[in-house]
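Chemist: sharing a sequence plus its predicted fold:
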Amino acid sequence: MTEQRLRIALQKKGRLADDSYALLKKCGLRFSIRSGGLLARVKNMPVDLLLVRDDDIPSFVANDAADIGIVGENVLMEEKLSSKTKFDADIMMRLGFSRCKLCLAAPQNGAVQTPADLKGTRIATTYPGVMGQYLASNNIEAKAVEMKGAVELAPSIGIAEAICDLVSSGATLEANGLAAFETILESEAVLIKSDRALSPEKQEIYDRLTRRIDGVIKSTETKYIMMNAPRDQVDAITAILPGADAPTIMPLAGNDDLVALQAVCTENIFWETLESLKTLGARAILVLPIEKMMA
C-alpha cells in the first residue's frame with residue numbers, strides 16, 4: 001500500500017517562507033530546502049512540502065494539488081475575491097507571524113487625505129479584489145489601476161492619485177513622499193485547507209501537525225513565572241498574573257510566612273507586572289520562556 005503523505009504548499013522564498021520553515025522546524029519536522037527545488041520531503045513525518053509562489057498557494061489548496069497551505073491572509077483574500085467561481089480554501093488557524101497591513105496612501109499634503117477624497121480618482125494597486133470590495137462597501141466611486149509592482153511610484157509618474165499597497169514599516173511610502181491614511185486589511189500568515197475530507201491517514205497526520213502548531217503558537221508568549229511570596233498575599237498575587245491558571249504553591253523550609261509560587265502565564269508579562277508583584281512582597285521573581293506546550 002502506498003504511504004499517505006500530507007502535502008503542504010509553502011512560499012518558496014521570502015520572509016513568509018523563512019517564517020513558515022521556522023514554524024515547522026519548531027514543530028519537530030526535519031527537512032532541508034535545496035536551492036531551486038520544488039519539493040522537500042520531511043524525514044520524520046509523512047509530510048511533503050510543495051515550494052511555490054505565494055499567490056499560487058490558495059489555488060494549490062483549492063484544486064487539490066496540496067492538502068493544506070501556509071499563506072498571507074492578504075493573498076488568500078485577493079484570490080477569493082478575484083476568483084470567478086467558489087474558492088474552496090478557508091482559514092483553519094492564524095499563525096501570528098508575517099504581519100502586514102494593506103493600506104490606502106497618497107502624496108503627503110496632497111489633495112487626497114481621507115477615503116472621501118478618493119471619489120473620482122485613480123488608485124494603483126496589486127490587490128484589485130480587496131480594494132474593490134472596500135470601495136463598494138463604502139460607496140466610493142474610484143477607478144482601480146492594476147499594477148504588478150512598484151505601486152508606490154504611480155502618483156509621481158501620473159498614473160494614479162492614490163495607491164493601495166502592503167505596508168510594513170512605512171519606510172517605502174515615506175521614501176516616495178506618500179502617507180497612509182486608511183488600513184483596509186490587517187494580514188498575517190494563516191493555515192488554509194479546503195472543505196474536502198482527508199483520508200483517515202492524512203487526517204491523523206493533519207491533527208498531529210496542527211496540535212504541534214497550536215503548541216508552538218501558545219508557547220511563543222507563554223511564560224513560566226516563579227517567585228517567593230508572602231503567604232497572606234497569594235490571592236492578590238494570583239489575581240494580577242496575566243492569563244494564569246491556579247498556581248502551584250509550596251511551603252518554604254524554615255519560613256512559615258513565605259511560599260514558593262509557580263505559574264504558567266499565557267499572556268505577556270510586562271515590567272509593570274513584576275513591579276506590582278514586588279509591591280505585594282514577592283521576591284526572587286524569575287520569568288522563564290517555554291519551548292514547547294501541549295494542552
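Modeler: On my side now, so go ahead.

Chemist: contacts and neighbour counts: CA atoms only from here.
Modeler: Will do.

Chemist: the stretch 101-250 of the chain: helices as residue ranges?
Modeler: Using DSSP state H, counting those that start in this stretch, the helices of the stretch 101-250 of the chain run over residues 128-137, 171-175, 200-221, 234-240.

Chemist: mean pLDDT lowest for which of those helices?
Modeler: Ranked by mean pLDDT, these bottom out at helix 171-175, which scores a mean of 86.

Chemist: in that one, which residues are buried?
Modeler: residue 173 (16 or more other Cα atoms under 10 Å).

Chemist: what's next to that helix, contact-wise?
Modeler: 105, 152, 167, 179, 180 (Cα atoms under 8 Å, 6 or more residues apart in numbering).

Chemist: likewise for stretch 79-92?
Modeler: 55, 58, 61-63, 128-130, 133, 190-195.

Chemist: switch the cut-off to 10 Å
Modeler: Contacts with stretch 79-92, where a contact means Cα atoms under 10 Å, 6 or more residues apart in numbering, come from 55-64, 67-71, 73, 76-77, 127-133, 189-196, 210.

Chemist: circling back to that earlier point, out of the helices of the stretch 101-250 of the chain, which comes closest to residue 157?
Modeler: Evaluated with Cα to Cα, these place helix 171-175 nearest to residue 157, the distance being 14.8 Å.

Chemist: how about that closest one as PDB, C-alpha atoms only?
Modeler: Presented in PDB, the C-alpha positions along helix 171-175 are these (Å, rounded to 0.1, in the frame of the first residue of the first chain):
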ATOM      1  CA  ALA A 171       9.700  53.400   5.100                       C
ATOM      2  CA  THR A 172       8.900  52.800   1.400                       C
ATOM      3  CA  LEU A 173       5.900  55.100   1.500                       C
ATOM      4  CA  GLU A 174       7.900  57.800   3.200                       C
ATOM      5  CA  ALA A 175      10.800  57.500   0.700                       C
END
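
Chemist: hang on, the earlier thing: just the buried residues out of the contacts of stretch 79-92, in PyMOL syntax.
Modeler: PyMOL command restricting these to the buried ones, with burial defined by 16+ other Cα under 10 Å:
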select buried, resi 55+56+57+58+59+60+61+62+67+68+69+70+71+73+76+77+127+128+129+130+131+132+189+190+191+192+193+194
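
Chemist: quick one: the strands in the stretch 151-295 of the chain?
Modeler: Along the stretch 151-295 of the chain, counting by DSSP state E, counting those that start in this stretch, strands occupy 162-167, 178-187, 189-193, 223-230, 248-252, 255-265, 283-289.

Chemist: isn't there a strand covering residue 7?
Modeler: Yes. Assigned with DSSP: H, G, I helix; E, B strand; the rest coil, residue 7 falls within a strand.
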